[in-house]
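Q: Structure for this input, please:
(2 chains)
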Number of protein chains: 2
Amino acid sequence: MTLPPLDVRLRHPLPDLSPEPFTLTSLGGLRAAGVACGIKASGRPDLALLVAERALPVAGLFTQNAFAAAPVRVCQEHLTATQGRLRALVVNSGNANACTGAQGLSDAREACALVARAVGCDPAEVLVCSTGVIGQALPMDRVRRGIAQALEALSADTEAGRSFLHAIMTTDAFPKEASRVLASGALAAGVCKGAGMIDPSMATMLAFVGMDLTVDAGALRAALPTIAARSFNAVHVDTHASTNDTFLAFSTGRRAGAEGWQDAVGAVAERLAWQLARDGEGATKVTTITVRGARDDEAARSLARRVARSALVRTALYGNDPNWGRFVSQVGNGPELGDPSRVRCTLQGIVVFDRGEPAAFDRAAASSAMAREDVSLVIDLGDGAGEGRVLTSDLGYRYIEVNAEYTT
Amino acid sequence: MTLPPLDVRLRHPLPDLSPEPFTLTSLGGLRAAGVACGIKASGRPDLALLVAERALPVAGLFTQNAFAAAPVRVCQEHLTATQGRLRALVVNSGNANACTGAQGLSDAREACALVARAVGCDPAEVLVCSTGVIGQALPMDRVRRGIAQALEALSADTEAGRSFLHAIMTTDAFPKEASRVLASGALAAGVCKGAGMIDPSMATMLAFVGMDLTVDAGALRAALPTIAARSFNAVHVDTHASTNDTFLAFSTGRRAGAEGWQDAVGAVAERLAWQLARDGEGATKVTTITVRGARDDEAARSLARRVARSALVRTALYGNDPNWGRFVSQVGNGPELGDPSRVRCTLQGIVVFDRGEPAAFDRAAASSAMAREDVSLVIDLGDGAGEGRVLTSDLGYRYIEVNAEYTT
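A: Modelled structure (predicted):
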């Protein structure tokens, strides 16, 4: 494949994120490592390992894709077998081990077994994730070597936690982590990877969030769907579309009590979701699309998703173009709308469309207001009390560059 | 708004289209004109007029968007009032006259009235279309002047027909026309405009197809949905999403009989639809996505649309990247799939995925095979007899350029 040389300076500013004070190893009782074992041709870190002192309560949410990858199936088996116990987590990047048939399942199980043997636990207490190109067998000689290296490198310090994070990245432009300290002193911390949340087949998201409170696996399982609905599943369209999407939440139990754990884990998940949208392969900002006044919440979410999915909306966001016609026409193109003459659109607090007609506003000022890292688009249908919210990335030149040149 | 200077050579080859021997004026009994009256800041032609010797049977299909533009509403009123008679058609480009409230309706009616007075017919026998930026009032002084100029310029020759076509274009990279001569000597000819069929809010499509056979308005009306389903509505997702989409078909009745008219008009519509996909704002090719072996036709169409909508699929097509993982993961991400282990994907005749697993194939050869203007992707679910087909454009750098810089 020959693409034209791309010698323009593409706009891809990194987000303005303060460094997080805490990462997974800050939760205590956890050792981590991230090493390079040659799965990625680039030589970048590609094998990550997390090992707990003892088995921790854990719950997971996974892709609903019919072609769910081998590691997803193995995780589901293990979680069912143990009813939610996590002693270790092994992740490789650079290869998704998806659409790899029986060999893929066998390879994922072998990775768990290797870690289990070294750690001295049941293989079902080891969870496994993969992310990268799909349809190619895992290079198991490298994976075995990587696991051995990572076992050697395990450490409880923050730097090791960061190495873990770097080794799970693929096309991510920046590492994604978040933490939250409650008034009680309890800590929640998480990391994730993902950059292609746009459309998003094959947009693998892996997210691992832990906290030091004492919550059992059943409670984690029960709360996870709600937490995901407000965070990872609110990132443009639906993270369930990839073959490998995985969200794990666990509890170290080093601190008595569970009060506030859902808020803390929820806040971390929402902050990670924002970072996913921010890194949407070439994104320059995150736009929060809020639909209000819908007949119910489901109608609001459905409309928000349709607006977020539009390539025309997303290129307008990239171009700082207050082209409300593109937003409004998506509103009109579906069953959620009641009376068109009640619709109001507000962009960065500026009313651009009101009562079904264009509002007078200063286009230049609106364009300047859009040149931010956080943009808000509110669509009020004036029809009921339903509300929904999604995050979307804008669509710029770099998205094409990243995605037209991925495997060949 | 400041975008980085784009000094790369963007790939945007024009399609290899043979010039059409016939256009609308070739149908006989029609005079046409296309003039520049200043609606477009560029000074390009922006007002088109078609006038028939006598009222012709006509039928139309229109956007289903709740914010349907004023000219769409006026066309619908006029077609209802006349039961399908067309004496003249006036089209402006550069301004969509959409979301323009009562003023917009009044402006669209005035344009019809001006033409009707000059031609000597009922205003309801005049149809009107607009395409361009939405939410801005039509500059009626210019429209009035343009109509006067166009009335002066009316001519029955081919050049006038081409002027009409050029005056309906907006971001189109090339004019779109097609014709078909039946064995009987009967002629169908059509023109259309549209380039943003991608996602596609605000992707206005206007298509006008006529033939010289004798078909009444009722028969045209009855057949139009089927013709559109195989042509304009098979272009990626759904052309109904814009506020202005219009498809008009008419019959001049200069030739006795009607035999074969649906095939002729259908063939012209399909060829125009291919050109719409080919011009998908920066597209370098048209990909026909065919789903076979689905449980029914609707499931096949639904899956084909979802694959076509994926930005990851469309960037892979742009990059000539046989990254079947992106196609397959969209197959797995929905309710149409029966048994994943029966799925087969064929790209340009090369089997890339078979029985639910990757097939061995030569990636370089597959990539070369994708570097064509017409690409075929066939997904066989092995589950039933349902079949569906959509056309999609690929997604490249120029799409971003066109769409990030449209109004500001």
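Q: Any stretches of the stretch 101-250 of chain A with poor pLDDT?
A: Scanning the stretch 101-250 of chain A with the threshold set as pLDDT under 70 gives A:195-203, A:237-241.
Q: again, only using 80
A: A:195-204, A:236-242 (pLDDT under 80).
Q: all strands of it, in order?
A: Under the criterion DSSP state E, counting those that start in this stretch, strands of the stretch 101-250 of chain A are mapped to A:126-133, A:176-181, A:187-193, A:206-211, A:246-251.
Q: which stretch among the ones you listed comes nearest B:Ala52?
A: The closest of those to B:Ala52 is strand A:126-133. By CB to CB, the value is 58.4 Å. C-beta coordinates here come from the backbone N, C-alpha and C atoms, glycine included.
Q: Quick one: list the elements packing against the closest one.
A: Counting by 3 or more CB pairs under 8 Å, 6 or more residues apart in numbering or on different chains; DSSP states H and E, the packing neighbours recorded for strand A:126-133 are helix A:70-82, strand A:85-95, helix A:101-119.
Q: And the ones you listed: which comes nearest A:Leu24?
A: strand A:85-95 (9.5 Å).
Q: Is the closest one positioned near chain B?
A: No. Judged by CB under 8 Å from any CB of the partner chain, strand A:85-95 stays clear of chain B, getting no closer than 11.3 Å.
Q: so what secondary structure elements neighbour that strand?
A: Contact here means 3+ CB pairs under 8 Å, 6+ apart; on that basis strand A:85-95 packs against strand A:47-62, helix A:101-119, strand A:126-133, helix A:140-153, strand A:246-251.
Q: which parts of the longest one are buried?
A: It stands for helix A:101-119. Using 16 or more other CB atoms under 10 Å in any protein chain shown as the burial criterion, the residues of helix A:101-119 that qualify are A:104-105, A:107-112, A:114-116, A:118-119.
Q: cool, and stretch A:335-351?
A: Those would be A:Glu336, A:Leu337, A:Gly338, A:Pro340, A:Val343, A:Arg344, A:Cys345, A:Thr346, A:Leu347, A:Gln348, A:Ile350, for stretch A:335-351 by 16+ other CB under 10 Å.
Q: CA-only coordinates of that stretch in CSV, if you can.
A: Extracted C-alpha coordinates of stretch A:335-351, given in CSV (Å, rounded to 0.1, in the frame of the first residue of the first chain):
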residue,chain,number,x,y,z
PRO,A,335,-38.2,8.8,16.1
GLU,A,336,-37.2,10.6,19.3
LEU,A,337,-38.4,14.1,18.2
GLY,A,338,-41.9,15.2,19.3
ASP,A,339,-42.5,18.7,18.1
PRO,A,340,-39.7,20.2,15.9
SER,A,341,-40.8,23.7,16.8
ARG,A,342,-39.8,23.1,20.5
VAL,A,343,-36.2,22.1,19.8
ARG,A,344,-33.3,24.2,21.3
CYS,A,345,-29.6,23.6,20.7
THR,A,346,-27.0,25.2,22.9
LEU,A,347,-23.3,25.0,22.0
GLN,A,348,-20.8,26.0,24.8
GLY,A,349,-23.7,27.8,26.5
ILE,A,350,-24.6,29.8,23.3
VAL,A,351,-28.1,29.2,22.0
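Q: any idea of the mean pLDDT for it?
A: Taken as a whole, stretch A:335-351 has a mean pLDDT of 93.
Q: quick one: contacts of it?
A: A:291, A:293-295, A:299-300, A:302-303, A:322, A:324, A:327-328, A:331-332, A:352-356, A:359, A:361, A:365-366, A:369-370, A:372, A:375-384, B:66-67 (CB atoms under 8 Å, 6 or more residues apart in numbering or on different chains).
Q: Could you grab the helix/strand/coil label for A:Phe327?
A: Look at A:Phe327: counting by DSSP: H, G, I helix; E, B strand; the rest coil, its state is helix.
Q: closest to chain B among the buried residues of helix A:101-119?
A: Distance ranking of these against chain B, using CB to the nearest CB, places A:Gly104 first at 9.2 Å.
Q: A:Phe67 is in contact with the closest one, correct?
A: No. A:Gly104 is beyond contact range of A:Phe67, at 11.0 Å (criterion: CB atoms under 8 Å).
Q: on that earlier part again, pipe the helices and strands packed on strand A:126-133 into JSON lines and attach distance to A:Thr246 per row.
A: JSON lines is the format used below for those (distance: least, CB to CB, whole Å):
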{"stretch": "helix A:70-82", "distance to A:Thr246": "6"}
{"stretch": "strand A:85-95", "distance to A:Thr246": "9"}
{"stretch": "helix A:101-119", "distance to A:Thr246": "12"}
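Q: Out of these, which is closest to B:Pro71?
A: B:Pro71 lies closest to helix A:70-82 among these, at 51.0 Å (CB to CB).
Q: who does the closest one touch, helix- and strand-wise?
A: Counting contacts by 3+ CB pairs under 8 Å, 6+ apart, helix A:70-82 is packed against strand A:47-62, helix A:101-119, strand A:126-133, strand A:246-251.
Q: now the strands of the stretch 101-250 of chain A in a markdown table, with mean neighbour count and distance to B:Ala52?
A: A markdown table is the format used below for those (neighbours: other CB atoms under 10 Å in any protein chain shown; distance: least, CB to CB, whole Å):
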| stretch | mean neighbour count | distance to B:Ala52 |
| --- | --- | --- |
| strand A:126-133 | 27 | 58 |
| strand A:176-181 | 22 | 63 |
| strand A:187-193 | 28 | 62 |
| strand A:206-211 | 28 | 63 |
| strand A:246-251 | 28 | 63 |
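Q: now for the ones you listed, which one comes closest to B:Arg309?
A: In terms of CB to CB, the element of these nearest to B:Arg309 is strand A:126-133, at 22.2 Å.
Q: ok, back up a step: right, so of the strands of the stretch 101-250 of chain A, which gets closest to B:Pro21?
A: Among the strands of the stretch 101-250 of chain A, the nearest to B:Pro21 by CB to CB is strand A:126-133 (48.5 Å).
Q: ranges for the helices of the stretch 251-400 of chain A?
A: In the stretch 251-400 of chain A, the helices defined using DSSP state H, counting those that start in this stretch lie at A:261-278, A:297-309, A:311-318, A:324-332, A:363-370, A:397-404.
Q: Need those in TSV (columns: distance to chain B and mean pLDDT).
A: TSV is the format used below for the helices of the stretch 251-400 of chain A (distance: least, CB to the nearest CB, whole Å; pLDDT from 0 to 100):
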stretch	distance to chain B	mean pLDDT
helix A:261-278	15	93
helix A:297-309	7	91
helix A:311-318	4	86
helix A:324-332	4	86
helix A:363-370	5	95
helix A:397-404	3	72
